[in-house]
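Participant: Show me the folded form of this:
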Amino acid sequence: MLEASFWGLIQGLTEFLPVSSSGHLVLVPALLGTEPPDLATSAMLHLGTLLAVLAYFRRDLLDMIRFTEQGKRLLRLLVIGTIPAAILGIAFEDFFDRLSETPRAVAVALMVTGVMLLATRAIARRTRQVEDSTDRDALLVGLSQAVALVPGISRSGATISTGLLRGFERAEAARYSFLLGIPAIAGAGLFKGIELAGNEGGIGAAVFVGMLVAAVSGYAAIALLLALIRRIGLVPFGVYCVIAGAVALAVV
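Facilitator: Residues are numbered from 1 along each chain as shown. Just a heads-up that it's a prediction; the model follows:
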């Protein structure tokens, strides 16, 4: 139960903070000399982070469910933004799986994430809102999410950075990133769940505890990032990613 809680905390924090959850779920076990979470735990942890983002952005989701004008616009943007990652993920699934088995490659990708986040310091503050998005904005942010299929490239970091380049206000870029993460996180959990269905054995109580920890820590990570990004931007996270990647590259 303690181990599941630990993985739940790692998943919940790193899924939404721009430091790459996939990278940490590869590098932390490699550094500790232990096995990564098994398939059942991984699927449930994704479900926990999905619950976190659904709860935090429940108002936006209600708009989409009620099919209000704003909700329809958001829904279209999310569909467009999800297409690139869906196509790339299905076409190159084996390639990304092989990368996740190479900790040194993941460490390098984490350093690339850090450089990308540091570069956002040069982007002037803008004022665009998610509601001002165009289909082109959605496609470009979606392409950056597809690139983040590489383990170690932060999904939230890549999509927020792209949003900033497109002129969105910092918190609005993060908001769109998190909303776009809903189908991505749900899809990841679904694929793992399908794989799990072919295996024997059930899901123990400890895994549900890990899911709960992932949900609570994920919710806290969303609130924390939205508060911090307005004040300090993404540079501190970039520094962390460069240092963490370099340490992992040296040690693994």
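Participant: any idea which helix or strand comes after the worst-scoring helix or strand of the chain on mean pLDDT?
Facilitator: Least confident element among the helices and strands of the chain, by mean pLDDT, DSSP states H and E: helix 170-197 (a mean of 83). Next helix or strand after helix 170-197 toward the C-terminus (DSSP states H and E): helix 205-232.
Participant: quick check: angle from that following helix to helix 170-197?
Facilitator: Helix 205-232 and helix 170-197 meet at an angle of 160 degrees, taking axes from the mean of the first three to the mean of the last three Cα atoms, to 10 degrees as the criterion.
Participant: name the helices or strands packed onto the least confident helix or strand of the chain?
Facilitator: helix 2-16, helix 39-56, helix 69-91, helix 135-147, helix 155-165, helix 205-232 (3 or more Cβ pairs under 8 Å, 6 or more residues apart in numbering; DSSP states H and E). Heads up, the C-betas are built off the backbone N, CA and C, glycines and all.
Participant: Buried residues of stretch 77-88, list them for me.
Facilitator: Neighbour counts over stretch 77-88 (16 or more other Cβ atoms under 10 Å) mark L77, L78, I80, G81, T82, P84, A85, A86, L88 as buried.
Participant: mean confidence score for that stretch?
Facilitator: Mean pLDDT, stretch 77-88: 94.
Participant: what's the answer for stretch 8-17, then?
Facilitator: On average, stretch 8-17 scores 93.
Participant: Convert that stretch to PDB, retaining C-alpha atoms only.
Facilitator: Coordinates of the C-alpha atoms in stretch 8-17 are reproduced here as PDB (Å, rounded to 0.1, in the frame of the first residue of the first chain):
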ATOM      1  CA  GLY A   8       0.300   7.600  -6.900                       C
ATOM      2  CA  LEU A   9       2.100  10.700  -5.600                       C
ATOM      3  CA  ILE A  10       4.600  10.600  -8.400                       C
ATOM      4  CA  GLN A  11       1.900  10.200 -11.000                       C
ATOM      5  CA  GLY A  12      -0.400  12.900  -9.600                       C
ATOM      6  CA  LEU A  13       2.300  15.600  -9.200                       C
ATOM      7  CA  THR A  14       4.200  15.000 -12.500                       C
ATOM      8  CA  GLU A  15       1.200  14.500 -14.700                       C
ATOM      9  CA  PHE A  16       0.200  18.100 -14.400                       C
ATOM     10  CA  LEU A  17       3.400  19.900 -13.300                       C
END
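Participant: Show me what it is in contact with.
Facilitator: By Cβ atoms under 8 Å, 6 or more residues apart in numbering, the residues outside stretch 8-17 that reach it are 20-21, 23-25, 28, 45-46, 48-49, 52-53, 156, 178, 181, 185, 209-222, 224-225, 237.
Participant: And the buried ones among those, selectable in ChimeraX?
Facilitator: The ChimeraX selection below is limited to those of the contacts of stretch 8-17 classed as buried (16+ other Cβ under 10 Å):
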select :20,21,23,24,25,28,45,46,48,49,52,53,156,178,181,185,209,210,211,212,213,214,215,216,217,218,219,221,222,225,237
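Participant: Looking at the buried residues of stretch 77-88, which is nearest A244?
Facilitator: Nearest to A244 among these: A85, at 24.0 Å, using Cβ to Cβ.
Participant: looking at it, the closest one is touching A146, isn't it?
Facilitator: Yes: with contact defined as Cβ atoms under 8 Å, A85 reaches A146; the gap is 4.2 Å.
Participant: any chance of the buried residues of stretch 77-88 in CSV, plus distance to L13?
Facilitator: As requested, the buried residues of stretch 77-88 are exported to CSV (distance: Cβ to Cβ, whole Å):
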residue, distance to L13
L77, 26
L78, 24
I80, 29
G81, 24
T82, 24
P84, 26
A85, 22
A86, 26
L88, 26
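Participant: For E200, report the pLDDT, please.
Facilitator: So E200 comes in at 52 (pLDDT).
Participant: which phi and psi does the nearest residue to W7 once chain neighbours are set aside have?
Facilitator: Sequence neighbours aside, P37 is the residue nearest to W7 in space, at 4.6 Å (criterion: Cβ to Cβ, 6 or more residues apart in numbering). For P37, the backbone dihedrals are phi -60, psi 140 (criterion: degrees, to the nearest 10).
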